[in-house]
Structures are given as structure tokens and as C-alpha cells.
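In: Just need the structure, nothing else, for what follows:
(one chain, ligands or ions: 2)
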Amino acid sequence: MKRTKIKDLLASQPAGQSVKAEGWVRTFRNNQFISINDGSTIQNLQAVVELNSIDESLLRRINTGACLAVEGELIASMGKGQAVEVKVKELTILGDCDAEAFPLQLKNRPSLEYLREIAHLRARTNTFGAVMRVRHAMAFGIHKFFNDRGFVYIHTPIITGSDAEGAGAMFRVTTLDENNPQRDEQGHINHKEDFFGKETNLTVSGQLEGETYALALSEIYTFGPTFRAENSNTTRHLAEFWMIEPEMAFYDIHDNMQLATDLLQYLVKYALDNCKEDLEFLNKRSYDEEATKPQDQRSELGLLDRLKFVTENDFQRLSYTEAIDILKNSNPNKKKKFQYLIDEWGVDLQSEHERYLVEKHFKKPVILYNYPKGIKAFYMRQNEDDKTVAAMDVLFPGIGEIIGGSQREERYDRLLNRVQELSLPEKDLWWYLELRKFGSAPHSGFGLGFERLILFVTGMTNIRDVIPFPRFPGNAEF
Ligand code: 4AD
Ligand code: MG
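Out: Ligands and ions are numbered 1, 2, ... in the order given. Okay, the predicted model is just below:
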């Protein structure tokens, strides 16, 4: 008999029809009621074994975590909590599970910290099932959003010879013998002998390669893994994370901000429309978690309210200069409550400042633009004031920066100047510079951190819990 997914069984009219379900045991009560989950939905299927109809030795093997196949009749349920159930005719144990050794018992609800240590099993919990289904829906929604607008999905390389952000923090890729690498006359490691004949690393961003395709296909996006070797042990940083990077010819910074707003509002609405059950579960979960915090640290809105809030409110746009004025005169700055005090124009904003603007001052998502050029990447378009660049960051409640982007410097001389000013390796950027020689065009783009989006949409509080196998300093298990 063919298996039906539990999600579909739960949506069927119960008419005593024969069905088969397969999945993992969540609980087994009274030697009679088995609740089974197959990950197709957060809901479990109740399978009812009639007393004495099944061999005692088989019953003893129905432990939490075991994998089962049940066949029987789909009938209306007499019990509370479910509309239908399966009256079991045949039961097969597909995989036993040692109850003593299995770490996911309902009795002792495991902490998220502990679950990270058993990331191979945490997918079997309601929380991780819900988070990963939402994650999937968001990935799908992203492709739908861009496809509907005629953007072309470009696969930019994972291994690159350029450093998009101009910052250190990259993972090297090499096949040289680590104990005995070839060296040149000066004793430096000779990358001419390396696999690619040059130094290479894992990409920190697909942007620069993405720009080449935007300047041919007009509107493109990348969506792939990116890697940062910074030693950031925070709840918002991963060493391996996924990024969505649209890049558009003929867009200025304002068009860019509008696209970022449209994308985020679309995705949050997509989640509300398509992940109802999972979001209701996560809403309750995050409510319970909030309740364990002291009153003054609780978030004012519940998860679902926060999501609706984003779809219903425009994002506040203001310049970096205006933001610095607000922050300078803010209470936490005057009372020296900020860890990093804002004293002068030109300083980089920390997450505490971003969150103050969003959560306390404006109480809505914020887009900051026109940052000092000194704290932003070389490729951003220089403004006429000679001090700022056409950068933009989108800031979200609870998250801080969720998107970073800019209008790009499309003027060859200006870009070359900046590359030289910052002593960037001109020889590695020759192709990027050439784009400005051969039919340059105004263009813009941004990067949306996929896991930061998932954090926001699921209400989870640690980025390590919204990616299947997190990579962070000191951890590459699994
Ligand atoms: O601001 P970032 O570094 O921008 C870029 O990489 C640009 N090249 C993007 C572009 O214009 N095409 O990163 C973009 C976003 C951030 O706003 C943040 O959401 C996320 O990527 N991000 C991280 N997410 C998780 N872990 C990290 N270590 C992250 N670093 C950045
Ligand atoms: Mg940034």
C-alpha cells in the first residue's frame, strides 16, 4: 500500500478508507494511542491500536523516537485534539529506538543549547520542524518574488580570487601541502604552484560577480552560501550563511530601498499566508520564552504581531547624519548606557544603536542611507558632498541590520581612485574596473542575510537555531 503524508491524511474526509502512514513516534499512551509525526506538518497523526490486537512484544518496541508504518482505517476521532485518526490494522516497526538512550524525551524538555549538540536529531522536534518548514517557504518565496519580477537567478562562484568587501576575514582555499608548501625565493608561500595558480578563498559575497550579469541582463539575483572567518561569537553571526543578493542596472539608491522594502514585506506576508500552523506554534513558543524573561526585557509585541507590523507599516528612511543626531541626543547616550557612546559624526553604528532607532525611537523598521565613506566598502557610489556614499542598511526589530546594500560607483575614475586610496589589489579587480569602461550604467543592489530573515520570521533568538548545521568559531561538527 502506498503511504500518504500525514498532512494530507489530516485534511481528508474520514470515511473508513484504508490508509498507510509512516513516521516517528512522538508519544505512546495507555498502550493504545500512538502519536506519529512525519514532518509534513507540525500536527501529529493519532494511530489507535485496539487492545489485545497487537502482539505484546511489538507494543513494547513502540518507543518515542521509533520509526513506524501503520495501516488501517481513517475514521473520525472521538478524542479531543484531532479530527481524524487511524484505527490500526497492521503495524510495522521500521526502526527501533532505545528509550533509555534517546535524548529527545518529552519529560525533560531539552534546551536549545543542548539541541545544538545533537543537531542530527533536533530536526525531530516541533521547533526545528517548524523552523525548517518556514525556512523552506522563505527560500521558495524569494525565488517566486524575483521570478515574478523577471529577475534572472545567477549562480556566482563559491571559490573566488577576489575579496568583495575589502575586509580580511576570509577562508583560504588551497591544496598546497600544509607541512611543506612550495615557497618562492623570498620564502613566501608560492601560490603559483597552488591548485588555481593563485590565492583563492571562499566567497564573502557574490556581489561583484553579480554586477557583471546585472550589466548585461539588467536585473539579476544570487542566492547562495557565503563565508566569513571573523571571530564573531554572537547570536546574529555565522561563519557560513546564505545571502540573497539582487543587483539591478538603472536603479538608484531610492529604487534600491524600495525593492528592499517590497521584498521584505512580500516575504513576511508570504510566511503569514503559507506557514500559518508553524507560525502559530512559533508564536506560542516565543511567547513562553518571553515569559521567562524579566518584565523590562520582554518584547512588546508577540511574534505574529511583529510580522503584521512589518507588512502594515512603511519603513522609516533617514540619513546616517540624521540618525547620529538622534542617537547623540538619546537618553542611553546621555546617560552612558550605550556600550559604545556616540560622540562624533563618522563612527560606525553598533547593533545597540540600530536597535535603539528601530525599537525605541521609531518603533518600525528603519532604512539608513548615505553613510560616511570611511566605514563602507570601496564600491559604493560617492556622493557629491565628498564625505558620504550612497549606502543603505535596513534595520529590523530584534535583529538590527538585516540588509546591507548601496548604489554602486559606476564612474571609472572615481572607482579607480577609491581602489588606490584604499590600496586594494588593482590587479585582482581588473575585470570589475573594466565594467566601468565598457558601457557602464548606474546600478544598485543589496544583500539580505537569509538566516537573519529566518530569525525574524520565526521569532527564534539565536542564529545557530535557524540553519540546519551552524558553523561558528570552534564548531564544525556534523
Ligand atoms: O552587509 P554585508 O556584509 O553586505 C555585503 O556582503 C554586500 N556585498 C551585499 C550586497 O550589497 N550585495 O552583508 C549583507 C547581509 C547583512 O545585512 C546581514 O543580514 C547578513 O548579510 N550577514 C550575516 N548573516 C549571518 N552571519 C554573518 N556573519 C553575516 N554577515 C552579514
Ligand atoms: Mg553590512
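
In: May I have the phi/psi pair for the spatially closest residue to residue 102 that is not a sequence neighbour?
Out: Distance criterion C-beta to C-beta, 6 or more residues apart in numbering; nearest residue to residue 102, sequence neighbours excluded, is residue 65 at 4.3 Å. From N, CA and C alone the C-beta is placed, and that goes for glycine too. Backbone geometry at residue 65, expressed as degrees, to the nearest 10, gives phi 100, psi -20.

In: Repeat that for residue 241.
Out: With angles defined as degrees, to the nearest 10, residue 241 sits at phi -140, psi 170.

In: residues contacting the residue nearest to it when sequence neighbours are not counted?
Out: Of all residues not flanking residue 241 in the chain, residue 451 sits nearest, at 5.1 Å (C-beta to C-beta, 6+ apart). By C-beta atoms under 8 Å, 6 or more residues apart in numbering, the contact set of residue 451 is 238, 241-242, 463, 466-467.

In: Doesn't residue 451 lie inside a strand?
Out: No - under the criterion used here (DSSP: H, G, I helix; E, B strand; the rest coil), residue 451 is helix, not part of a strand.

In: can you count the residues close to the residue nearest to residue 102?
Out: 19 (other C-beta atoms under 10 Å).

In: Assess the claim that it and residue 94 are in contact.
Out: No - Residue 65 is beyond contact range of residue 94, at 12.0 Å (criterion: C-beta atoms under 8 Å).

In: Residue 32 versus the residue of the chain most remote from its centre, what's the distance?
Out: Distance to the chain centre peaks in the chain at residue 52, reaching 48.9 Å (criterion: C-alpha atoms, centre = their mean). Distance, residue 52 to residue 32, by C-beta to C-beta, to the nearest Å: 10 Å.

In: now do residue 404
Out: Applying C-beta to C-beta to residue 404 and residue 32 gives a distance of 55 Å.

In: Same question for residue 285.
Out: 29 Å.

In: the more surrounded of those two?
Out: Neighbours per residue, other C-beta under 10 Å: of residue 285 and residue 32, the larger number sits with residue 285, 18 against 14.

In: of all the residues in this protein, which ones are close to ligand 1?
Out: Residues of the chain found near ligand 1 (C-beta under 6 Å from any ligand atom) are 164-165, 205, 207, 228, 232, 237-238, 241, 243, 245, 401-405, 445-447, 449, 451-452.

In: Mind doing that once more with 5 Å?
Out: 205, 207, 228, 237-238, 241, 245, 401, 404-405, 445-447, 449, 452 (C-beta under 5 Å from any ligand atom).

In: hmm, back to that, quick check: the residue farthest from the centre of the chain vs ligand 1, distance?
Out: Using C-beta to the nearest ligand atom, to the nearest Å, residue 52 is found at 56 Å from ligand 1.

In: same question, residue 63
Out: Relative to ligand 1, and taking C-beta to the nearest ligand atom, residue 63 is found at 38 Å.

In: Can you report phi and psi for that residue?
Out: Residue torsions, per degrees, to the nearest 10, at residue 63 are phi -100, psi 160.

In: Was I right to think it contacts residue 25?
Out: Yes - assessed by C-beta under 8 Å, residue 63 is found in contact with residue 25 at 6.5 Å.

In: Give me the below-cutoff pLDDT ranges for the protein.
Out: 106, 163-168 (pLDDT under 70).

In: Do a quick rundown of the helices in it.
Out: Along the chain, the stretches classed as helices by DSSP state H are 6-10, 56-59, 112-117, 126-148, 207-217, 253-274, 276-291, 303-312, 320-328, 331-334, 351-355, 412-421, 430-434, 450-458.

In: So which bits of the longest one are buried?
Out: Taking 16 or more other C-beta atoms under 10 Å as the basis for neighbour counts, the residues of helix 126-148 that come out buried are 126-135, 137-139, 141-142, 145-146.

In: now do the third one
Out: Across helix 112-117, burial judged by 16+ other C-beta under 10 Å covers 112, 115-116.

In: Out of the residues you listed, which comes closest to residue 89?
Out: residue 115 (35.9 Å; C-beta to C-beta).

In: I figured that closest one was touching residue 126, is that so?
Out: No - counting by C-beta under 8 Å, residue 115 stays clear of residue 126, with 11.6 Å between them.

In: which residue sits closest to residue 94, ignoring its sequence neighbours?
Out: That would be residue 67: by C-beta to C-beta, 6+ apart, it lies 4.3 Å from residue 94.

In: Grab the most central residue of this protein for me.
Out: Closest-to-mean residue, the chain, C-alpha atoms, centre = their mean: residue 451 / 1.4 Å.

In: Report the separation between residue 144 and residue 153.
Out: For residue 144, the distance to residue 153 - C-beta to C-beta - is 11 Å.
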